[in-house]
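Chemist: Curious how this folds, go ahead:
(chains A, B, C and D)
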2 protein chains.
Amino acid sequence: MTAALHDRVAQCLADADQRYTENRRLLVNAFLAKDRPMTVPELVAVIDGLPLSSAYRNLSVLQDAGVVTRIATSDDNGRYELTEGFSGHHHHHLVCEGCGIVVDIAASPTIERALRAAARRATQDHGFAITDHRIDLIGRCATCQR
Amino acid sequence: MTAALHDRVAQCLADADQRYTENRRLLVNAFLAKDRPMTVPELVAVIDGLPLSSAYRNLSVLQDAGVVTRIATSDDNGRYELTEGFSGHHHHHLVCEGCGIVVDIAASPTIERALRAAARRATQDHGFAITDHRIDLIGRCATCQR
DNA sequence: TCAAGACTGAGAATCATTATCATTATTGAC
DNA sequence: GTCAATAATGATAATGATTCTCAGTCTTGA
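Modeler: Now for the predicted structure:
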């Protein structure tokens, strides 16, 4: 199961003329271990001995190859997660405005349908070619509610 | 019309023990002039003579008072816009992944309804108290499509 | 086995944002 | 109106996440 996933990652990197090195494998495994977007400090804390500079460089390589995605948050640290093709399912995010943590939630068919219509309208009205979307529900996690 | 708006901004700042100074008024007017989220460099370019440090400090004050909202983007600059109560209408964003520009689009009732259901589910399943949401349609603007 | 080129990691550089602080402007009390 | 007390300003320095640099190491394919 995960072996097949690693093969696909390797293929994806190969297509981008990149190798699937030990550090990159450690990063992918860290993402598989937790199913929520993680910051670079979180990643290096989990991957013992990985230098910051290597973490950033390899995340950038994995991002260019389409294996991971960087998500923008309002707190200071960026967060990374496996691209949907690798994490398995289309999902959206629950964002805590207290601590900044981000949790994955399943997408609903109703929302997806409505979004397709909205994308069509955006193309008509503004000339945008829509390729993706992002939905965040914002609030406070159980911990931050005290 | 805009006079009433300025009164409401003044009230909002007063509630936060802040004054509605010239610089703050200039910022609010800049937001009214363009109806899309703007970066700090864009703002100081439009408001002649406004120092960067004053721009950042006053945006922060306006944000704490609930007059402007900072939106997170994946490019390097943050973007600010008037909070919905002041800009007039609930809206979502069209984001160009080429140049990073952000354009407002109207929210659709269908999506809003579906989001309320999703928020209910998030509370049940994850203990989050949802207070807001954010929808971005991501693609390429007419210019960046060449 | 060897050369070409990719990868690594320590440290320096970058750049948006924040903090500092002396100066200036505003306010409320008298 | 005058006078503290307090808030706002803006130049500059500091911060901190991210990116770049570069010399050394590892892979790969011939």
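
Chemist: Give me the helix or strand of chain A that scores worst on average pLDDT.
Modeler: helix A:84-87 (a mean of 88; mean pLDDT, DSSP states H and E).

Chemist: Find the helix or strand that residue A:115 is a member of.
Modeler: Under the criterion of DSSP states H and E, residue A:115 resides in helix A:109-126.

Chemist: Around DNA strand C, which positions in chain A sit nearby?
Modeler: A:17-19, A:21-24, A:49-54, A:57-58, A:61 (CB under 7 Å from any atom of the strand). Heads up, the C-betas are built off the backbone N, CA and C, glycines and all.

Chemist: mind running it again at 6 Å?
Modeler: Proximity of chain A to DNA strand C is confined to A:18-19, A:21-23, A:51, A:53-54, A:58 under the rule CB under 6 Å from any atom of the strand.

Chemist: Just among the residues you listed, which is most surrounded?
Modeler: Comparing these by number of neighbours (other CB atoms under 10 Å in any protein chain shown), residue A:58 comes first, having 21 neighbours.

Chemist: can you pull the contacts of that one?
Modeler: A:21, A:23-24, A:27 (CB atoms under 8 Å, 6 or more residues apart in numbering or on different chains).

Chemist: and it, helix, strand or coil?
Modeler: Three-state assignment for residue A:58 (DSSP: H, G, I helix; E, B strand; the rest coil): helix.

Chemist: Show me how chain A divides into domains.
Modeler: A:1-88, A:90-146 (automatic domain parsing).

Chemist: Quick one: list the elements packing against the helix holding residue A:115.
Modeler: strand A:129-140, strand B:91-96, strand B:102-106, helix B:109-126, strand B:129-140 (3 or more CB pairs under 8 Å, 6 or more residues apart in numbering or on different chains; DSSP states H and E).

Chemist: Output it in CSV with nothing but the alpha carbons.
Modeler: What follows is helix A:109-126, C-alpha atoms only, in CSV (Å, rounded to 0.1, in the frame of the first residue of the first chain):
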residue,chain,number,x,y,z
PRO,A,109,-20.7,16.8,-3.1
THR,A,110,-23.1,19.7,-2.7
ILE,A,111,-20.3,22.2,-2.1
GLU,A,112,-18.3,20.7,-5.0
ARG,A,113,-21.2,21.0,-7.4
ALA,A,114,-21.9,24.6,-6.3
LEU,A,115,-18.2,25.4,-6.8
ARG,A,116,-18.1,24.2,-10.3
ALA,A,117,-20.9,26.6,-11.1
ALA,A,118,-19.0,29.4,-9.4
ALA,A,119,-15.9,28.6,-11.4
ARG,A,120,-17.9,28.8,-14.7
ARG,A,121,-19.2,32.2,-13.7
ALA,A,122,-15.7,33.4,-12.8
THR,A,123,-14.5,32.5,-16.2
GLN,A,124,-17.4,34.3,-17.9
ASP,A,125,-17.2,37.4,-15.7
HIS,A,126,-13.5,37.8,-15.1
